[in-house]
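Participant: My questions concern the predicted model and sequence given below.
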Amino acid sequence: MKTPDDADRKGATNTDPLAQHLAAMGLPFMHQHYQQLARTAADKHWSHVDYLAELVNGEAAWRNDRSVKRRIKLARFPVRKTMDQFDWNWPTKINRLQIQNLFRLDFIAQRANVVLISGTGLGKSHIMNALGHAACLRGHSVLFTGAIDIVNALAAAHSAGAGIKNALRPYLRPQLLAIDELGYLPIDKFGADCLFQIISHRYERGATAITTNKVYKHWASIFNNDAVLTSALLDRLLHHAETVRIEGKSYRTKDQIEP
């Protein structure tokens, strides 16, 4: 038995085939705004082309906004950061022009890498987070994750009997993989092998950004003291890479340091 609402909806559909077509074609902005914009077009004496342009531009903007939100969600940022929030005056050494140039995002198109090296609390994770967010806005796919989170996820997949090849795929797909806090916690041989595979597979196929508290000569201590693996990894990582060095005291101690 049909309800009055069903009848009303059916009647609206029968008398408004344009709305039906726009909905069926998956054009939600046009579907919701074509009547309102038609009234505006009549009041302002727009041409047919101008009216159509307003509808199409609105639909395109709606789709772009939806795509950006989806990319940001898939990136899994722990928090969202921008460089407007960054205190450039706190580090004692930072190359501002170098960092600002990274936000052109040419390194993503070139499938190159960025390594940010500093002690704790100097904003390297903030910068990488902001780079990832800027990449999402520019249409790039991004995944932001901790180095230990990668190792733990792959170890869990391995323990569950899942193939490592399948478990590696989420880290190989994004145009930008952002690996945070490499070197803060020790990594066993399994974890070192997994990170090596990720860097190797992404070599000249996708951009990788890394934050670390260790200079390159100490990276063997990160990778289970395996000098051969570390050398091979650095060879691939640094072939097309830009290194950002930041020096100073932790920003998190700022309130205690300042009188």
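Facilitator: All right, it came through fine.

Participant: Checking Asp149 next. Helix, strand or coil?
Facilitator: helix (DSSP: H, G, I helix; E, B strand; the rest coil).

Participant: Run a quick neighbour tally on it.
Facilitator: Asp149: 14 surrounding residues under other CB atoms under 10 Å. Placement of C-beta: from N, CA and C, glycine included.

Participant: All further residue positions should be reported with the first residue as 780.
Facilitator: Got it, first residue is 780 now, which makes that one Asp928.

Participant: name the element Lys860 belongs to?
Facilitator: Lys860 is part of no helix or strand, with elements assigned from DSSP states H and E.

Participant: before we move on, what about Lys848?
Facilitator: helix 827-854.

Participant: buried ones in that helix?
Facilitator: By neighbour count on 16 or more other CB atoms under 10 Å, the buried set for helix 827-854 is Tyr830, Glu833, Leu834, Gly837, Glu838, Trp841, Arg850, Ile851, Ala854.

Participant: Just the CA coordinates for the next helix or strand after it, please, in PDB.
Facilitator: Using DSSP H and E, the helix or strand that directly follows helix 827-854 along the chain is helix 875-881. The C-alpha coordinates for helix 875-881 follow below in PDB (Å, rounded to 0.1, in the frame of the first residue of the first chain):
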ATOM      1  CA  ARG A 875      63.200  28.200   5.700                       C
ATOM      2  CA  LEU A 876      63.600  28.600   1.900                       C
ATOM      3  CA  GLN A 877      64.500  24.900   1.500                       C
ATOM      4  CA  ILE A 878      61.300  23.800   3.400                       C
ATOM      5  CA  GLN A 879      59.100  26.300   1.700                       C
ATOM      6  CA  ASN A 880      60.300  25.100  -1.700                       C
ATOM      7  CA  LEU A 881      59.300  21.500  -0.700                       C
END
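
Participant: Check Asp928 and give its pLDDT.
Facilitator: Per-residue pLDDT puts Asp928 at 97.

Participant: Let me see the contact set for the residue lying closest to Val921 once chain neighbours are set aside.
Facilitator: Sequence neighbours aside, Ala854 is the residue nearest to Val921 in space, at 4.1 Å (criterion: CB to CB, 6 or more residues apart in numbering). Ala854 makes contact with Gly911, His912, Cys915, Ser920, Val921, Leu922, Phe923, Pro953 under the criterion CB atoms under 8 Å, 6 or more residues apart in numbering.
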